[in-house]
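> 3D, please:
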Amino acid sequence: MTIRIPLEGTFNTRDLGGYPTSYGVSTVWRRFFRSDDVVFITEADIQLLQDIGVHKVIDLRASDELKERPNPLSEIDSFEYTNISLVENLSEYRGTPIEQVTAEYLPLLYRMILEKEQDALADALRAAIPETDKAVLFHCTAGKDRTGLMAMLLLGNAGVDDADIIANYEVTYTYISNNPYLKKYSHKIPVHLVQSARETMVDTIAFIKEQYSSYSSYLRHIGLSADETQTLREALLVQRL
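Next comes the predicted model:
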């Protein structure tokens, strides 16, 4: 289950609703949206986001990315904008020359984010706790790596089956492969860096389970309270009044 939101200026904006969970209900629609970069967003896109209830916008990009490609939603009063980088402490990995990036890079990067960026992840998840009648959009550049980890934690904490979490990750490449910005630099970027191979998410989920036993235990480990963890879960499970 993956529903892409047909924005003109993005290619990978999707609703996290519709997934069956271990709690006997499906994840609710129009509560959490994952996305790629919104730098090319149009006026019609902005209106659509407002129409579907998006209020909070969480930008997971680093300061250098933000400087190069400012977020247009940060200037619009109807959106509550927050920038929380998930890679500020990973300069040694971000500094790897693109041509030297191997197929093992992404699983390693994901583990490093989960281990070295725990404060930032906790802040991002707290920021994602929605108001009762509002929705949250979180994004990075391609909407694959940092955004993929956020989606994994939100869906996993809500009791979505691992197979569905993996499928949600896998479809990313289908959408971002249409992004002209990525196509422009495709000759410079190793294909395994932009693909969303299932093995990458399988490895990441296994790491969570082996080290922390469950998604909710990981959230508690990085500093979320029991109430915050439960509130995030209910936000994806409880239908709006």
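> low-confidence ranges in the chain?
Scanning the chain for pLDDT under 70 picks out the ranges 1, 91-103, 183-188, 239-241.
> Tell me which helix or strand the most centrally placed residue in the chain sits in.
In the chain, the residue lying closest to the centroid (C-alpha atoms, centre = their mean) is T147, at 2.0 Å. Using DSSP states H and E, T147 sits within helix 146-157.
> Are there helices or strands packed against the next helix or strand after that helix, and which ones?
Per DSSP H and E, the first helix or strand lying C-terminal to helix 146-157 is helix 162-170. Where contact means 3 or more C-beta pairs under 8 Å, 6 or more residues apart in numbering; DSSP states H and E, helix 162-170 is packed against helix 146-157, helix 198-212. (C-beta placed from N, C-alpha, C; glycine too.)
> Next SSE downstream of helix 162-170?
helix 172-176.
> Determine how far that next one lies from the middle of the whole chain.
14 Å (C-alpha atoms, centre = their mean, to the nearest Å).
> Assess the claim that the residue nearest to the centre of the chain and A128 are in contact.
No - taking contacts as C-beta atoms under 8 Å, T147 lies outside contact range of A128: 11.5 Å.
> okay, and the common contacts of these two?
Common neighbours of T147 and A128 are listed as F138 (criterion: C-beta atoms under 8 Å, 6 or more residues apart in numbering).
> Name the secondary structure element that contains T229.
Per DSSP H and E: helix 226-237 holds T229.
> and that helix, what does it pack onto?
Here helix 226-237 touches helix 118-127, helix 146-157, helix 215-221, going by 3+ C-beta pairs under 8 Å, 6+ apart.
> which parts of that helix are buried?
228-229, 232-233, 235-237 (16 or more other C-beta atoms under 10 Å).
> related to what we said a few turns ago, could I get the helices and strands packed on helix 162-170 in a markdown table, plus columns for distance to T2?
Listed next are the helices and strands packed on helix 162-170 as a markdown table, based on distance: least, C-beta to C-beta, whole Å:
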| stretch | distance to T2 |
| --- | --- |
| helix 146-157 | 10 |
| helix 198-212 | 14 |
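> what's the angle from the helix holding T147 to helix 118-127?
70 degrees (axes from the mean of the first three to the mean of the last three C-alpha atoms, to 10 degrees).
> Can you verify my assumption that Y81 contacts L66?
No - contact criterion C-beta under 8 Å: Y81 and L66 do not qualify, at 11.0 Å.
> list residues touching both of the two?
With C-beta under 8 Å, 6+ apart as the test, Y81 and L66 both reach D59.
> returning to what we had before: how far out from the middle of the chain is the helix holding T147?
With C-alpha atoms, centre = their mean, you get 6 Å for helix 146-157.
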